[in-house]
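Asker: I need the structure of the sequence given here:
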Amino acid sequence: MHVAVISDIHGNRHALDAVLADADDRGCDEVWCLGDVVGYGADPDGCCAAVRSFASVSLAGNHDLAAIGALSTESFTADAQASATWTGEHLTPEHRAWLGSLRPHGTAQSFLLAHGSPLHPVWEYVLTAAQAEASLDAFQEQVALIGHSHVPLSFARDGNRPVVPQRRTHGDEAQIGAQRWLLNPGSVGQPRDEDPRAAWMELHPYDGRVAWHRVRYDVGGAQQAIRDAGLPTSLADRLGVGR
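Answerer: Numbers count the residues shown, from 1 in each chain. Predicted structure coming up:
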């Protein structure tokens, strides 16, 4: 088994297509999606269709739930609220129903999956060692795969030693071994680590190997699609700088 772990696509079909092609080139035979298929980007239906076709596991993210009216946008920024409203208006009934069938957490093989964190699957950003410590105490599996932060990260705990957080860049690898982990693939469609390339993670469940990848895609095309759709221009601008 050879898995592509993806998250935070955010309606960016240009980035998603590039990641799926790279995963296929690397021999991945499954795709696990950690949520936020839609939101911010201009092709929510295209991204839903692709994830439904290729992913064997899919979670709901906060933007997915907001787009279908299942979650309040009160805490969203103005641009995020605008994109949630626009996305909800442009989703087909079929894709609205599909997003509504998803949950923000689940399991696959021996892995826990959560959009945000094992403690708070919808909303929590796990960015610090303290947050990771609390999350690692909240589940029994050895490894949890998480998204939501838009930053490729790993948090490892070896026995009673403190958690070791690590920002991950293209080509980084890890061996799961005997440690317990939180692993984040970063964002396909809206990276926030000042690298505009689409991010994903390669997982070999049976031998415990993990690798982080970045893929160049047509950022200009994704930006123009956002502008043409009448979405906030800031959502297009940020794609060029990875923030």
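Asker: residue 149: neighbouring residues, count only.
Answerer: Applying other CB atoms under 10 Å, we find 21 other residues in the vicinity of residue 149. The C-beta positions use only the backbone N, C-alpha and C, and glycine is treated the same way.
Asker: which residue sits closest to it in space, ignoring its chain neighbours?
Answerer: residue 125 (4.8 Å; CB to CB, 6 or more residues apart in numbering).
Asker: quick one: that neighbour and residue 148 touch, right?
Answerer: Yes: when contacts are counted by CB atoms under 8 Å, residue 125 is listed as touching residue 148 (5.8 Å).
Asker: quickly list what's touching both of the two.
Answerer: 116-117 (CB atoms under 8 Å, 6 or more residues apart in numbering).
Asker: neighbour count winner among these two?
Answerer: For residue 125 and residue 148, the more surrounded residue by other CB under 10 Å is residue 148, and the numbers stand at 28 against 16.
Asker: quick one, phi/psi of that one?
Answerer: Residue 148 adopts backbone torsions of phi 80, psi -40, taken as degrees, to the nearest 10.
Asker: wait, isn't it in contact with residue 120?
Answerer: No: between residue 148 and residue 120 there is no contact under CB under 8 Å: 9.6 Å.
Asker: residue boundaries of the strands in this protein?
Answerer: 3-6, 30-33, 57-58, 105-108, 111-114, 143-146, 152-157, 164-167, 173-175, 180-185, 198-204, 209-215 (DSSP state E).
Asker: how about TSV for the ones you listed, with distance to residue 95 added?
Answerer: Shown next, in TSV, are the strands of the chain (distance: least, CB to CB, whole Å):
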stretch	distance to residue 95
strand 3-6	17
strand 30-33	14
strand 57-58	12
strand 105-108	19
strand 111-114	21
strand 143-146	24
strand 152-157	27
strand 164-167	33
strand 173-175	34
strand 180-185	23
strand 198-204	21
strand 209-215	24
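Asker: which stretches of the chain form helices?
Answerer: 13-25, 44-54, 62-67, 78-90, 93-100, 129-136, 219-228, 233-237 (DSSP state H).
Asker: ok now the fifth one, how far from the chain's centre?
Answerer: On the basis of CA atoms, centre = their mean, to the nearest Å, helix 93-100 is displaced by 19 Å from the centre of the chain it belongs to.
Asker: contacts for that helix, please.
Answerer: Residues from elsewhere that reach helix 93-100 (CB under 8 Å, 6+ apart): 37-38, 44-45, 48-49, 52, 60, 64-65, 67-68, 70, 88, 91.
Asker: how about 6 Å then?
Answerer: 45, 48, 64, 68 (CB atoms under 6 Å, 6 or more residues apart in numbering).
Asker: what about the residue nearest to residue 233 when sequence neighbours are not counted, distance to residue 41?
Answerer: Sequence neighbours aside, residue 227 is the residue nearest to residue 233 in space, at 6.1 Å (criterion: CB to CB, 6+ apart). Residue 227 sits 12 Å away from residue 41, taking CB to CB, to the nearest Å as the criterion.
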